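Visitor: Below is the sequence, then the predicted model.
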2 protein chains.
Amino acid sequence: MFETVEIKDVKNEIGLLVKAIRKQRGISQIQLAKSLDVSRTTIQNLELGKNFTVNTILKVLRELDLLTQLHNEVTQAKAHVVNSKSMY
Amino acid sequence: MFETVEIKDVKNEIGLLVKAIRKQRGISQIQLAKSLDVSRTTIQNLELGKNFTVNTILKVLRELDLLTQLHNEVTQAKAHVVNSKSMY
DNA sequence: ATATTTTGACCATTATAATGATCATTATAA
DNA sequence: TTATAATGATCATTATAATGGTCAAAATAT
């Protein structure tokens, strides 16, 4: 009934998303790697759902002009947690 | 005029968010570390804005029951990219 | 069709994240 | 107040992400 989403699944989806965006832009792994100043292997592993660091994914988001948006969302989520007094 | 958000800033905010949620739950770094099966040092570095792996943050999100939500959002974003034909 | 580019798969090496420990400082409880 | 717990800081070791290379297969271009 309830499918369980595993960490592996999320990493796979992130990889597919990055690959889809890269394809949409019509650039190769090598080109993306160079613009992020990482190796092609890092891009490849990211797209294939291997483990990677937050630095790597944030470089991708920065390239996509999504860094400020994520920053705002995290900040907002934090403020929400801090402001809402525990209900228990 | 336009403040530039850097990767360092986002990691700092993520760290503060995790810390805020942990505090809200009233648990220590050690308790959180144990429930995620990681070391306290890993939690500490995460909260202090150091670099960390996607596995670590996904374990946190799983603990917060946010894994399925993130999975859905990434999948949706991916579908959006794939479906929207390039405008250029 | 063939040529070219891209990608997935390896692999050895290097860089660094994760671990487990200790200690001093700070925050919280008794 | 004093005792206890939690946190930040540091460090040596271990695990693993990142790098740079090669090669074969797949995709794309000519």
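Guide: Sure, I can see it.
Visitor: residues in contact with A:R62?
Guide: B:I7 (C-beta atoms under 8 Å, 6 or more residues apart in numbering or on different chains). Placement of C-beta: from N, CA and C, glycine included.
Visitor: swap the cut-off to 6 Å and go again
Guide: A:R62 makes contact with no residue under the criterion C-beta atoms under 6 Å, 6 or more residues apart in numbering or on different chains.
Visitor: Mind giving me the packing neighbours of the longest helix belonging to chain A?
Guide: In chain A, assigned by DSSP state H, the helix with the most residues is helix A:7-25. Packing contacts for helix A:7-25, counted by 3 or more C-beta pairs under 6 Å, 6 or more residues apart in numbering or on different chains; DSSP states H and E, involve helix A:40-47, helix B:67-83.
Visitor: Would you mind telling me which of those is nearest DNA strand D?
Guide: Closest approach to DNA strand D among the helices and strands packed on helix A:7-25 (C-beta to the nearest atom of the strand): helix A:40-47, 3.2 Å.
Visitor: Now do the helix or strand that the closest one is followed by and helix A:40-47, the angle between them.
Guide: Following helix A:40-47 in sequence order, the next helix or strand is helix A:54-63 (DSSP states H and E). Put simply, helix A:54-63 runs at 90 degrees to helix A:40-47, going by axes from the mean of the first three to the mean of the last three C-alpha atoms, to 10 degrees.
Visitor: Next to chain B in this structure, residues from chain A, please.
Guide: Contact residues, chain A versus chain B (C-beta under 6 Å from any C-beta of the partner chain): A:5, A:7, A:9-10, A:13-14, A:16-17, A:20-21, A:24, A:51-55, A:58, A:67-68, A:70-71, A:74-75, A:77-78, A:81-82.
Visitor: Return only those of the residues you listed found close to DNA strand C.
Guide: A:53, A:55 (C-beta under 7 Å from any atom of the strand).
Visitor: just the buried members of the residues of chain A next to chain B?
Guide: Among these, those scoring as buried are A:5, A:7, A:9-10, A:13-14, A:16-17, A:20-21, A:52-55, A:58, A:67-68, A:70-71, A:74-75, A:77-78, A:81 (criterion: 16 or more other C-beta atoms under 10 Å in any protein chain shown).
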